[in-house]
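Engineer: Here you go, sequence then predicted model.
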Amino acid sequence: MPAPGNTALEISIQEPLKPYTTFKIGGPARYFARVETLEALRQALEFAAERRLALFILGGGSNILVSDHGFDGLVIHVALRGIEVTAENDTGVTLRIAAGETWDGVVALAVERGWWGIENLSHIPGQAGAALVQNIGAYGAEIRDVFESAEVLEIRSGQVKSLEAAACGFAYRRSIFNSSGKGEYVILSLKLRLAKQGQANLQYPDVAAYFTQRGVTEPALPQLREAIIAIRDRKFPFPREERGGNAGSFFKNLWLTEPEYRQLERAVRAQFAPEVAAKLESLHRRRAKDGRVKIPTAFLIEACELKGYQMGRAQVNETQPLVLLNRGGASAHEVLTLARHIRQTVYARTGLMIELEPELVGFTRQELDEYLAI
Ligand SMILES: Cc1cc2nc3c(=O)[nH]c(=O)nc-3n(C[C@H](O)[C@H](O)[C@H](O)COP(=O)(O)OP(=O)(O)OC[C@H]3O[C@@H](n4cnc5c(N)ncnc54)[C@H](O)[C@@H]3O)c2cc1C
């Protein structure tokens, strides 16, 4: 139906959300609007405000799990497009990218033009705007490393504002957009500063090994993108129906302080085979400068022998157990029942609580309490 007072914005009713997600799971949105302009976005927000509807801003749907009942409110699907160079000098360029651009399309363009800084973030699904929401990261890079500012629409005031890095509160898989300021802004565009000269970021063992095996010491930019895509493709099933819908990592990795690490060490010695304790020690040797130890949640899931574990039509991925797969027709209920089993098993054997990475959309408080119980 047309939204009141305009002809540009179409709002559909009971729109199935499944096709808009990489998990291929979820019921319908009560109302759904695809917005291509700021004006259409404002109209959609007005439509929701007048009816006191709950709002959900949808990008590429690659970091969400939608309830089987769908979403009882208005889903606004961001389709703002455009990429432009806003500044350029001998050392680099500043790009302004509309939120609805495909993130990997931005990376492909940058690599093609010889601009360094986001090549290690190749092949992450989703939109450029949403990339800020959890400060996407992979293979030793994060979007915050090249971020300059974002243009956002503040929902409450209707004002367009510019936010610099300090105001965005970036941290591991975190920004104000998924924490203190969640639900307050729609990201319209972002500015990234990319370099004309760069050096390959080979700090991740998989990436370094890829080039060592090929006898390459100084990979060129296109080779880096190729390498990242090849490595990711082996481990992370880029969502395609036949390989199982998914939302990438279903759990966040853990960063432990020294006392927390020692507690885990005791649990691991008591609960697991010596090889697991040895692997844990190797993680401790690679601790960060601030002393914190990164514990890949995949390591914990594997140690609990849950790789490949299946419940109903939901399965823990064999190659990268952080990923939960929809094996064809899985429900959100099946995925969350499997996730609860994993979290409870890891907690019982290690004392660690692992957190979900994707946002759960359209669930009631009671459902969330049940699925997230430890
Ligand atoms: C196979 C696979 C691999 C992945 N690998 C990685 C990885 O290596 N590293 C990583 O960090 N992530 C990874 N992800 C997760 C995901 O791709 C990213 O989080 C991505 O940035 C999500 O973008 P999206 O457009 O799909 O967002 P959506 O899933 O549509 O939305 C995610 C969140 O962002 C909000 N949002 C979306 N657009 C806007 C906007 N314009 N303004 C305000 N809020 C908005 C939504 O409301 C929601 O809260 C992976 C996912 C998959 C499926």
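Structural biologist: Yep, that arrived.
Engineer: so where is the stretch 101-250 of the chain shaky, pLDDT-wise?
Structural biologist: 237-243 (pLDDT under 70).
Engineer: Quick one: the strands in it, in order.
Structural biologist: 137-138, 141-142, 147-154, 160-164, 185-195 (DSSP state E, counting those that start in this stretch).
Engineer: any idea how far the most centrally placed residue in the chain is from the ligand?
Structural biologist: The structure's the chain has its C-alpha centroid closest to residue 63; by CA atoms, centre = their mean the separation is 5.0 Å. Residue 63 sits 4 Å away from the ligand, going by CB to the nearest ligand atom, to the nearest Å. Placement of C-beta: from N, CA and C, glycine included.
Engineer: That residue: what's it in contact with?
Structural biologist: In this structure, residue 63 makes contact with 126, 130, 133-134, 247-248, 357-359, judged by CB atoms under 8 Å, 6 or more residues apart in numbering.
Engineer: and these, which are buried?
Structural biologist: Listed as buried from the contacts of residue 63 are 126, 130, 133-134, 247-248, 357-358; burial here means 16 or more other CB atoms under 10 Å.
Engineer: Of those residues, which fall within the contact range of the ligand?
Structural biologist: 126, 130, 133-134, 247-248 (CB under 6 Å from any ligand atom).
Engineer: Give me the domain ranges for this protein.
Structural biologist: Domain ranges of the chain: 12-78, 83-198, 241-371, per automatic domain parsing.
Engineer: What segments of the stretch 251-374 of the chain are strands?
Structural biologist: Counting by DSSP E, counting those that start in this stretch, residue ranges of the strands within the stretch 251-374 of the chain are 254-256, 293-295, 310-311, 314-316, 324-326, 359-361.
Engineer: now the ones you listed as JSON lines including mean pLDDT?
Structural biologist: Formatted as JSON lines, the strands of the stretch 251-374 of the chain follow (pLDDT from 0 to 100):
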{"stretch": "strand 254-256", "mean pLDDT": "96"}
{"stretch": "strand 293-295", "mean pLDDT": "96"}
{"stretch": "strand 310-311", "mean pLDDT": "97"}
{"stretch": "strand 314-316", "mean pLDDT": "96"}
{"stretch": "strand 324-326", "mean pLDDT": "95"}
{"stretch": "strand 359-361", "mean pLDDT": "98"}
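Engineer: from the ones you listed, which stretch is densest packed?
Structural biologist: The highest mean neighbour count among the strands of the stretch 251-374 of the chain, using mean count of other CB atoms under 10 Å, belongs to strand 324-326: a mean of 27.
Engineer: could you list every residue that touches the residue lying closest to residue 191 once chain neighbours are set aside?
Structural biologist: Leaving aside its sequence neighbours, residue 191 sits nearest to residue 148 (CB to CB, 6 or more residues apart in numbering; 4.1 Å). By CB under 8 Å, 6+ apart, the contact list for residue 148 reads 94, 164-165, 190-193.
Engineer: Then residue 87?
Structural biologist: By CB under 8 Å, 6+ apart, the contact list for residue 87 reads 93-94.
Engineer: what about residue 52, neighbour count?
Structural biologist: Residues lying near residue 52 (other CB atoms under 10 Å) number 7.
Engineer: go on, residue 172?
Structural biologist: 12.
Engineer: how near is the residue in the stretch 251-374 of the chain that the ligand sits nearest to to residue 319?
Structural biologist: Proximity of the stretch 251-374 of the chain to the ligand (CB to the nearest ligand atom) peaks at residue 359, 4.4 Å away. According to CB to CB, to the nearest Å, residue 359 and residue 319 sit 24 Å apart.
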